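S.K.: Coordinates for the following, if possible.
(chains A and B)
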Amino acid sequence: MKQSLTIAKRELGSFFSSPVFYVVCAVFLIIHGFIFFNILNYFSLQSLQASQFQGMDAGFNLNEMVIEPSLQNMAVILLLIIPIITMRSFSEEKKSKTINLLLSSPIHLKEIVAGKFLACMAVVTVMLLLSSYSVLFLLAIGKPEIGPVASGYLGLWLMAGCYISAGVFASSLTDNQIIAAVVGFGFTLFMWIIGWGAQAAGPGFGELLKFLSLVDHLERFLKGIVDSSDAIYYLTFIVFGLFLTHRVLDSKRWR
Amino acid sequence: MIEVENLSKSYGPRQAIKNICFQVNKGEVVGFLGPNGAGKTTTMNILCCLIPASQGTARICGHDIFERSLQIRKIIGFLPETPPLYAEMTVAGFLAFAARIRLVPANKTAAAVDRVLEKCRIQDVRHRIIGRLSKGYQQRVGLAQAMIHDPQILILDEPTTGLDPIQIIEIRKLIKDLASSHTIILSSHILPEVTQICQRVIIINEGEIAAMDSLDGLTSAMRKSERLHLKTRNAPPGAAERLRQLRRVISVRPEDRGQFLIECELDSGLQDEVARLALEDRWGIVELKPVALTLEDIFLKLTTEEGGPHHETIPDHR
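M.R.: Numbers count the residues shown, from 1 in each chain, chains lettered A, B, ... in the order given. Sure, this is the predicted structure:
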């Protein structure tokens, strides 16, 4: 496992020395900032109006009205942005033939895959930490509950892990980064909306589709409920994506 | 050390290599010679466990390439056709990374990097970004990563492409130095290069081994001589000596059970002489034939297929 850290470290080095990371990060923070500002603006307008009618402001809650929707929006922005981060992980190595260095080295394939995943995970963690200024700001001016904020970020982080896992898998399929990004995005979007098929599918199968949907599991995290079944769903999703990546790369050795 | 048995590889309907068999002994430097697309790279990629063989197998230090690829990857240093370099890294940073994934212990990494920097003469670019280096320097960084873990076996796919003549001389010298402690397989499509570095040459053409010979065998063929193969039922012990006394015979090599390999000058018409001798002395002649595939023929074929500018730019130091 030490080797996966070596690989992750090299991967991070190349992330931070390429402009892609800075552009992606800037776009993410600008859009998040814009959405957060508007949500907060709407909230203050509403609470101002409510305070003019005495006793009506009791139902206004920072967690429910600001943090939850802004995290929800962040999940959508990440859906669009993470495939851009993951697209290079294997496609670029294949294109520049550097994959031969990794494959002819005495390290296990799973260490390579884990290293790539950890590097992308670290990048997204940095982005999420940078975006948390909004919560710190709310803590400074108001009294949001910290529990649901933490669980919301945990859910978002796990969900980002699923996006990354799917994106890394897409990247292992091709040496073309654009194809990797489109396939990764398409796959995660599909897993996001798969629950919409529940009505058409009927009771039994519909339930299954609903359970498979990425977004349904996030809802409870955002509300402050950490249900082990949701966490296990996300972890299974991540492991399965990485397993498929491993199989794709391994097949080069025997196919 | 390396045993290759009936190795074949097909890409769809196209057979890249067909039934290749050869052995490489410890400490040998073996050159793969052949035109582009002959199957050199495919063979090397299979030996380095990058791609599987369609048929046949190979063993390196007793480890099967398919079953025990991890062990093999520990003892092999590989320079692929395209040097696998991360363009955004510095030379020293990249070599340190290569050392780590080749399982060089952390406390020996710095020493290993210094060693290969010096051996490949790239100390002066150690802090430069790889992507900004010239092709020749990149090739040398590629060579440096292949030997960072001091492997027993080096597999080098066209190590001198893209280098200028002076760099080529340096790399050849480096490979010769390494030959004392390593087993080396290298590929090339340049004849003088192989004859200078390698003790033994394997000529691959259209996926098959066209010839496999030592340097002496190769150069004697280059001296424009002919070879005859004589097979007899009961040649007496002094037969080889009798053959040597014939005019225009260069050498006679006795092979097992009444067989001789006779080397003679070109167009000497020696068949008649040999046949007469064998008949008169009742050796019981079974077979007398010119050795069909001379290296010269193959080289002619290779050079006409290649014909590139390489042959003019490579200086001949012999």
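S.K.: B:D281 and B:S251, how far apart?
M.R.: For B:D281, the distance to B:S251 equals 20 Å [C-beta to C-beta, to the nearest Å]. Every C-beta, even on glycine, is put in place using the N, C-alpha and C of the backbone.
S.K.: Sorry, slip of the keys, the one I care about is A:P19.
M.R.: 67 Å.
S.K.: From B:P84, how far out is B:L143?
M.R.: Counting by C-beta to C-beta, the gap from B:L143 to B:P84 is 12 Å.
S.K.: cool, B:S134 as well?
M.R.: B:S134 is 18 Å from B:P84, by C-beta to C-beta.
S.K.: out of the two, which sits in the busier spot?
M.R.: Here B:S134 and B:P84 are compared on neighbour count by other C-beta atoms under 10 Å in any protein chain shown; more neighbours surround B:P84, at 24 against 13.
S.K.: what's the closest non-adjacent residue to the residue of the stretch 51-200 of chain A found nearest chain B?
M.R.: Of all residues in the stretch 51-200 of chain A, A:L101 sits closest to chain B, at 3.7 Å by C-beta to the nearest C-beta. Among residues not flanking A:L101 along the chain, B:P84 sits closest, at 3.7 Å (C-beta to C-beta, 6 or more residues apart in numbering or on different chains).
S.K.: and that neighbour, how far is that from A:S70?
M.R.: 43 Å.
S.K.: between A:P19 and B:S251, who's got more neighbours?
M.R.: B:S251 (14 against 7).
S.K.: so B:S8 makes contact with B:C21?
M.R.: No - judged on C-beta atoms under 8 Å, B:S8 makes no contact with B:C21 at a distance of 10.6 Å.
S.K.: So for the two, which residue has more residues nearby?
M.R.: Neighbours were counted for B:S8 and for B:C21 using other C-beta under 10 Å; B:S8 has more, 18 against 13.
S.K.: and the helix or strand containing that one, does that touch chain A?
M.R.: Using DSSP states H and E, B:S8 maps to strand B:2-11. No - judged by C-beta under 8 Å from any C-beta of the partner chain, strand B:2-11 makes no contact with chain A; its nearest approach is 11.4 Å.
S.K.: Adjacent strands (with direction) for that strand?
M.R.: When pairing is defined by DSSP bridges, strand B:2-11 lines up against strand B:14-24 (antiparallel), strand B:55-60 (antiparallel).
S.K.: Let's have those in JSON lines, adding mean pLDDT.
M.R.: Formatted as JSON lines, the strands paired with strand B:2-11 follow (pLDDT from 0 to 100):
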{"stretch": "strand B:14-24", "mean pLDDT": "88"}
{"stretch": "strand B:55-60", "mean pLDDT": "89"}
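S.K.: contacting residues around A:V124?
M.R.: A:78, A:82, A:85, A:157, A:160, A:164 (C-beta atoms under 8 Å, 6 or more residues apart in numbering or on different chains).
S.K.: of all those residues, which two lie farthest apart?
M.R.: A:I85 and A:W157 (14.3 Å; C-beta to C-beta).
S.K.: These two: who's more crowded?
M.R.: Shown here are A:I85 and A:W157; by other C-beta under 10 Å, A:I85 has more neighbours (28 against 16).
S.K.: how far away is the more buried one from B:M89?
M.R.: Plainly put, A:I85 is 19 Å away from B:M89 if you go by C-beta to C-beta.
S.K.: What does B:V104 show for phi and psi?
M.R.: phi -70, psi 130 (degrees, to the nearest 10).
S.K.: my guess is it contacts B:P151, does it?
M.R.: No - judged on C-beta under 8 Å, B:V104 makes no contact with B:P151 at a distance of 10.8 Å.
S.K.: what about B:I65, how many neighbours?
M.R.: 23.
S.K.: Per-residue pLDDT of it, please?
M.R.: In this model, B:I65 is scored at 86, pLDDT.
S.K.: which residues does it contact?
M.R.: By C-beta under 8 Å, 6+ apart, the neighbours of B:I65 are B:46-47, B:49, B:53, B:57-59, B:72.
S.K.: which one among those residues gets closest to B:G37?
M.R.: The shortest approach to B:G37 among the contacts of B:I65 belongs to B:I46, at 15.9 Å (C-beta to C-beta).
S.K.: related to what we said a few turns ago, can the strands paired with strand B:2-11 go into JSON lines with extra columns for distance to B:F66?
M.R.: Output for the strands paired with strand B:2-11, formatted as JSON lines (distance: least, C-beta to C-beta, whole Å):
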{"stretch": "strand B:14-24", "distance to B:F66": "16"}
{"stretch": "strand B:55-60", "distance to B:F66": "6"}
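S.K.: And the ones you listed: which comes nearest B:C198?
M.R.: Comparing the strands paired with strand B:2-11 by C-beta to C-beta, strand B:14-24 comes nearest, at 10.7 Å.
S.K.: Could you identify the helix or strand that succeeds the closest one?
M.R.: strand B:29-33.
S.K.: what packs against the helix or strand that that following strand is followed by?
M.R.: Next along the chain after strand B:29-33, taking DSSP H and E as the criterion, comes helix B:40-47. Judged by 3 or more C-beta pairs under 8 Å, 6 or more residues apart in numbering or on different chains; DSSP states H and E, helix B:40-47 is in contact with strand B:2-11, strand B:14-24, strand B:29-33, strand B:55-60, strand B:183-188.
S.K.: and A:F211, which of those strands is closest to it?
M.R.: Comparing the helices and strands packed on helix B:40-47 by C-beta to C-beta, strand B:2-11 comes nearest, at 43.2 Å.
S.K.: Give me the buried positions along that closest one.
M.R.: For strand B:2-11, burial by neighbour count (16 or more other C-beta atoms under 10 Å in any protein chain shown) applies to B:2, B:4, B:7-9.
S.K.: Ok, stretch A:16-24 next?
M.R.: Quick answer for stretch A:16-24 (16+ other C-beta under 10 Å): A:21, A:24.
S.K.: what's that stretch in contact with?
M.R.: So stretch A:16-24 is in contact with A:15, A:81, A:84-85, A:88, A:123, A:127, B:88, going by C-beta under 8 Å, 6+ apart.
S.K.: did I read that right, A:I194 in a strand?
M.R.: No - using DSSP: H, G, I helix; E, B strand; the rest coil, the assignment for A:I194 is helix, not a strand.
S.K.: Pretty sure it sits against A:D216.
M.R.: No - using C-beta under 8 Å, A:I194 makes no contact with A:D216, being 9.6 Å away.
S.K.: does the strand or helix carrying B:I72 come close to chain A?
M.R.: B:I72 is part of helix B:69-75 when elements are defined by DSSP H and E. Yes - residues of helix B:69-75 are located near chain A by C-beta under 8 Å from any C-beta, namely B:69-71, B:73-74.
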